[in-house]
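K.L.:
build me a model from this:
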Amino acid sequence: MPVQLGEQCEHCLKHPQKLGHPDESRCCRCLPDAAILRNCSRCQSTRYCGKECQKAHWAEHKQSCTNTVHLKQLRESLGPEVTRRHIAFEKWGWKYLHILTRAAMSAIEVAKDPNRMNTHIFVVHLETVDTSDNGRNPKYAVKEAHCRTLEELYLMRPWTSFAAMEQSIAPGPGHVIVMDDVLPGGLGVQTRPVRTDWDPRMIPYNPMWLILLREETRAG
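P.N.:
Presented below is the predicted three-dimensional model:
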């Protein structure tokens, strides 16, 4: 099973041994036992195994890092309610990334044609079904999900979203986009790159992918 983004170094793609292999085996991408992944100190959203990898990846990471910092500043300027909702929204995307990846493989039909990962994007729309902690934290559910080409995706969003969305997708293929239409500005869109360096036949097409996606993310 592939190691998900956030569980590996963004530059060298190496991962802690226990995450890549439940048993005691190791592979060429396993980090030394003493190595740990650390967040970028500026955006806190990208992880590296060391300063060397972070420096080597900076040219590629710079724009997304800046975008992330600006989004955090925007949400803080809009008050605590928006901040809490945006934090919950981002946590949802990371929490269910593995499930979203599996659904994306079927929605995009990668098993039939691996090249579709280069031309299509998996889009998930969320809706609020409940709140907890006296209304402070939203509970999300999948409202709808589908695959789209980049051109089709442009037609779904305001013109002001195009540049930021294209920048977030530009580094490569294999993306999941999660949307919360309640959040203002660019806060309601998050992109999650999906690693594609495994045989897509490992995850065969499942016609029930949307039903499974809704069931497996029911906890919100």
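K.L.:
what number of residues lie near the nearest residue to Leu31 once chain neighbours are set aside?
P.N.:
Ranked by C-beta to C-beta, 6 or more residues apart in numbering and with sequence neighbours excluded, the top spatial neighbour of Leu31 is Lys14, at 4.9 Å. For glycine as for every other residue, the C-beta is placed from the backbone atoms N, C-alpha and C. Residues within reach of Lys14, counting by other C-beta atoms under 10 Å, total 22.
K.L.:
do the same with the one 3 residues further on
P.N.:
Counted with other C-beta under 10 Å, the neighbours of Gln17 add up to 18.
K.L.:
what's the closest non-adjacent residue to it?
P.N.:
In space, Gln17 is closest to Cys30, 4.4 Å off (C-beta to C-beta, 6+ apart).
K.L.:
distance check, that neighbour against Tyr48.
P.N.:
16 Å (C-beta to C-beta, to the nearest Å).
K.L.:
and Leu210, by the same measure?
P.N.:
From Leu210 to Tyr48 the distance is 35 Å (C-beta to C-beta).
K.L.:
what about Cys30 and Tyr48, which has more around it?
P.N.:
It is Tyr48, of Cys30 and Tyr48, that has more neighbours when counted by other C-beta under 10 Å, with 22 against 17.
K.L.:
pairing partners for the helix or strand Arg192 falls within, with directions?
P.N.:
Assigned by DSSP states H and E, Arg192 belongs to strand 189-193. Paired with strand 189-193 in the same sheet, following DSSP bridges, are strand 175-179 (antiparallel).
K.L.:
contacts for the strand it pairs with?
P.N.:
Identification of contacts with strand 175-179 by C-beta atoms under 8 Å, 6 or more residues apart in numbering yields 89, 92-93, 97, 100-101, 104, 121-126, 153, 165, 168-169, 188-194.
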